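Asker: Sequence below, structure please.
(2 chains)
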Amino acid sequence: MRKYIAKRLMLSVVILFFVCFIIYTLMRCLPASYVETMAMELSQKPGAKSYQEWLEQLNAQYHLDVGIIPGYFMQLGEMLRGNFGDSWKFTIPVVEQFQKCIGVSFIMGAISLVLEVIIAIPLGIIAATKQYSKTDYTITVFALAGISLPTFFFATLLKLVFSVKLGWFDLVGLVGRNYNTLDEMGRFLDKAHHLILPITTLVVISIGSLMRYTRTNMLEVLNSDYIRTARAKGLSERKVIYHHAFRNTLIPLVTIVGNSLPGLFSGALITETLFAIPGIGYNSYQSMIAGDIPFSMFYMTFLAILTLASNLLADILYAVVDPRVRIS
Amino acid sequence: MSDEKKNGNSNQEEQYSLNDDRRVKVLSPGAMVAKRFFRNRLAVTGMVILLVMFLFSFVGGVLSPYREDQVFYRRDYISKEYVGVTENTEYRYLKLSDEYGAVQQAMTVLAIQQENSSFDAKGKTYDVVKEGEGLYSIMDGDTAVGAAYLDIISAEDSSVTFSDEFQYNALLGLVKGGGSFTLDGEDYDVDDTGMITKGGESVAVCSRYIVQSKTSGVIISNEFREALIDHLASEEEVFTFTDANGETAEYELVYDPATKIWSVKQEVSTQVFDTYSSPSKEHWLGTDRNGMDMLTRLMYGGRISLLVGFVVVIIATVLGIILGGFAGYFGGWVDNLIMRIVDIFYCIPSTPVIIILGAAMDGMRVEPKIRIFYLMLILGVLGWPGTARMVRGQILSLREQEFMTATEACGIRVSRRVFRHLIPNVIPQLIVICTMSLGSTIITESTLSFLGLGVKFPYASWGNIINDVSNSFVLTNYWFIWIPAGVCLMLTVLAFNFVGDGLRDAFDPRMKR
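Answerer: Numbers count the residues shown, from 1 in each chain, chains lettered A, B, ... in the order given. Predicted coordinates for the structure are as follows:
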């Protein structure tokens, strides 16, 4: 097991190296409008150096004056030393900005994951036990509708109904107008109030796949021999489903939920942008649009690490939960 | 299913013996799949929705009387301020003799205010004579040296300026209720309305009101001025005037007590883009912010969205089959290499990459049409790893089966073995994956277009139609702009998912009902 994990980790590092390289190349190939704009701005100050000189200086400062491959290794060296540079857009160190905005993203992700699990798993089980009934059809349609809803359309509908027509929530933002006048408790409630719509969006959009996954797995388990045996023994249907079948469905479910744990940190780019929630997703969207290479680079590398971590976690969890799986 | 068959066959049982082959209807695997598929109500619903959407997008665009980028106009009436009228309440001064200077003028102001009949200035006494309403003469003995007046004289021909003597005489004539005077050998008549005529021809008009043109290029004729001033007394709000050419125009009078100005407003019709017009007979879903027919845009948008979906899925699938097929069939280091590439692609966060590339294309000002091709290419290249993984997995297990050993034993060449015997066995799963990813590709494209980074104006896509809601006024007031596009989008993706789901169930022999 330990050997397997070590091997997977090594492989992950190699993959990460190449992913970072691709991301870096991509970033370097972008029209470096940000640096040019900044050079233009700086050169127009009284007594400043010429545009060309500023451009050269800035390019040197951001390691943009060397070729892609040496530039990549320089960048990689800096990153390994924990120096991710300063964000161009936010003009503070990338890590600082990241620490500022990761909290709200994580909270949003965590709450919606919990809600998802609470809602999706029971519904999936009900759909499977009553296969081809009206309930099953309703749940399937609901799940598929959730998957099919484009995030931006659903969020806009929510805004129209709850913000514009009913006036219950603000259209965008994490804090209300009078946030600064509130006390601790009031601030907490204000933020929670502003997070209701984004979390609803996240849950509705992503609940479908977990529900369907539960249903499929439950169906598979219900078709297996030991369930037939349990029924043949004359056990009550309740006991068959919740004692024998459900426990075995848990194996893939734990895996998939564990798999989505690293995703809690990745933020919801579209949803956060739509509701202007200053989480990691919204911040990185802004930095990407502004051509802020250090922050975008950091965000994408971070996402790649999360993907690798969740893949690894899924494999390990599968082996831990299911004794039949032996990792070699 | 077996019930139906039994009933159907029970009547014929006498004709066939028990072991007759014809007794059982044999279905080919394809027909079995079709049968299972069409029994799934959701899948059939999805199929119907898709059919409608295709007809709507591809046939609808042809049938629509409008083009994708046809702009509609409407005439808009704007109440524009035409002229402003102010009543002159400040005395103005005429200098009739050189001795009437600043001191005398200042003293005149004082005298009029205090209603004195004379004042002293520079050691002389001047009489202030009230000639009538709005005209004072300043007399030094019997000669008028200056005058203070309220009525303004404006010439018929704006290039003519009148001498102070002329003005004084005209004003005198006016306050006396009409009269005539002679100046520089010309005879002038003044009537009680302020018209100054020379030999029956009007040369100027005096009036208490100052009429100023508020729109450039408008010269106000004296007839208009007169008619307007006459009208002011009646205090009616609507003023109609027929000019010399016989054209009648209606004006609206608005009095502002704070500034004491009458604004004369004219309804001016201008041609404007017919933006955000409500649904009507001509435009069933109204028009968008550029004055283009919404329904037609929706049809063309559907074309782009569906087309992008198909092209992207085709690119991804072809790449996936080739690379996955190679990896699965050859195994060994080829497999290892390809699968590591797949791993790397899997790790690249696709949404940020697409957003960055979209922003970069914005920066490079890529032409909208070429942009669509780039978009397809990017989405396709980012989409193949999933397909490749699935194909490889399937081929790995199929390779070990007996029929492959048989093909090897028969000496069939490699390419034939792969493409005739292995790939067709993967097709069911491929079709399912493709249908499902069609839906998700359409969502990705529309999300990008919604963010303004995908398909760009003048091309419509369902996503960039909804983009209009970034203006919260549209979000609140013009539902017909974005709701239909969103519903189309959702229905299409839902239909693809229904069909994909139905196909998976139909292809999977274990899924018996």
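Asker: I'd like to know which elements the helix or strand harbouring B:M53 is packed against.
Answerer: If you go by DSSP states H and E, B:M53 is part of helix B:41-54. Where contact means 3 or more Cβ pairs under 8 Å, 6 or more residues apart in numbering or on different chains; DSSP states H and E, helix B:41-54 is packed against helix A:134-148, helix B:29-39, helix B:294-330, helix B:479-507. C-beta: built from backbone N, CA, C; applies to glycine.
Asker: mind running it again at 10 Å?
Answerer: Contacts defined by 3 or more Cβ pairs under 10 Å, 6 or more residues apart in numbering or on different chains; DSSP states H and E place helix B:41-54 against helix A:134-148, helix B:29-39, helix B:60-63, helix B:294-330, helix B:423-450, helix B:479-507.
Asker: Tabulate the ones you listed in CSV, adding columns for distance to B:D140, mean neighbour count and mean pLDDT.
Answerer: Below are the helices and strands packed on helix B:41-54 laid out as CSV (distance: least, Cβ to Cβ, whole Å; neighbours: other Cβ atoms under 10 Å in any protein chain shown; pLDDT from 0 to 100):
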stretch, distance to B:D140, mean neighbour count, mean pLDDT
helix A:134-148, 98, 18, 89
helix B:29-39, 114, 14, 84
helix B:60-63, 89, 14, 84
helix B:294-330, 80, 22, 90
helix B:423-450, 84, 22, 89
helix B:479-507, 78, 23, 89
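Asker: who's in contact with the closest residue to chain B within the stretch 201-328 of chain A?
Answerer: The stretch 201-328 of chain A approaches chain B most closely through A:L303 (3.8 Å), counting by Cβ to the nearest Cβ. If a contact means Cβ atoms under 10 Å, 6 or more residues apart in numbering or on different chains, then A:L303 has A:19, A:23, A:262-263, A:265-267, A:269, A:280, A:284, B:347-353 as its contacts.
Asker: Also B:S64?
Answerer: Applying Cβ under 10 Å, 6+ apart, the residues contacting B:S64 are B:70, B:284, B:293, B:295-300.
Asker: Distance of the closest residue to B:I314 other than its chain neighbours relative to chain A?
Answerer: Leaving aside its sequence neighbours, B:I314 sits nearest to B:G380 (Cβ to Cβ, 6 or more residues apart in numbering or on different chains; 7.6 Å). Per Cβ to the nearest Cβ, to the nearest Å, B:G380 is found 17 Å from chain A.
Asker: Same question for B:I220.
Answerer: To chain A, B:I220 is 48 Å away according to Cβ to the nearest Cβ.
Asker: is it fair to say that residue lies in a strand?
Answerer: No - secondary structure of B:I220, determined by DSSP: H, G, I helix; E, B strand; the rest coil: coil, with no strand assignment.
Asker: From what I see, it and B:S213 are in contact.
Answerer: Yes - between B:I220 and B:S213 there is a contact under Cβ atoms under 10 Å: 5.5 Å.
Asker: most centrally placed residue in chain A?
Answerer: Geometric centre of chain A, nearest residue: A:S266, 3.4 Å, by Cα atoms, centre = their mean.
Asker: Phi and psi next, for that one.
Answerer: Backbone torsions for A:S266, taken as degrees, to the nearest 10, come to phi -80, psi -10.
Asker: which ones are touching A:C20?
Answerer: Going by Cβ under 10 Å, 6+ apart, A:C20 touches A:72, A:75-76, A:79, A:297, A:300-301, A:304-305, B:347.
Asker: Domains of chain A: list them as residue ranges, please.
Answerer: If you go by automatic domain parsing, the domain ranges for chain A are A:2-80, A:96-321.
Asker: Need the distance between the two termini of the shortest one.
Answerer: Which is domain A:2-80. Terminal residues of domain A:2-80 are spaced 25 Å apart (Cα to Cα, to the nearest Å).
Asker: Please tell me how far it is from the chain's geometric centre.
Answerer: Taking Cα atoms, centre = their mean, to the nearest Å, one finds domain A:2-80 lying 24 Å from the centre of the chain it belongs to.
Asker: Could you pull out the helices in the stretch 251-400 of chain B for me?
Answerer: B:294-330, B:332-347, B:350-364, B:368-399 (DSSP state H, counting those that start in this stretch).
Asker: quick one on the thing from earlier: B:V318 is in contact with the residue nearest to B:I314, correct?
Answerer: Yes - between B:G380 and B:V318 there is a contact under Cβ under 10 Å: 8.7 Å.
Asker: check contacts around the most centrally placed residue in chain B.
Answerer: The C-alpha lying nearest the average C-alpha coordinate of chain B belongs to B:R289 (Cα atoms, centre = their mean; 1.2 Å). Applying Cβ under 10 Å, 6+ apart to B:R289 gives the contacts B:273, B:275-276, B:457, B:467-468, B:471, B:474, B:478, B:481.
Asker: Same question for A:N259.
Answerer: Going by Cβ under 10 Å, 6+ apart, A:N259 touches A:309-315, A:317-318.
Asker: cool, B:L253 as well?
Answerer: B:85, B:228, B:231-232, B:234-239, B:262-265.
Asker: at 7 Å instead, please
Answerer: Contact analysis of B:L253 by Cβ atoms under 7 Å, 6 or more residues apart in numbering or on different chains lists B:237, B:239, B:262, B:264.
Asker: That concludes my questions; thank you for your assistance.
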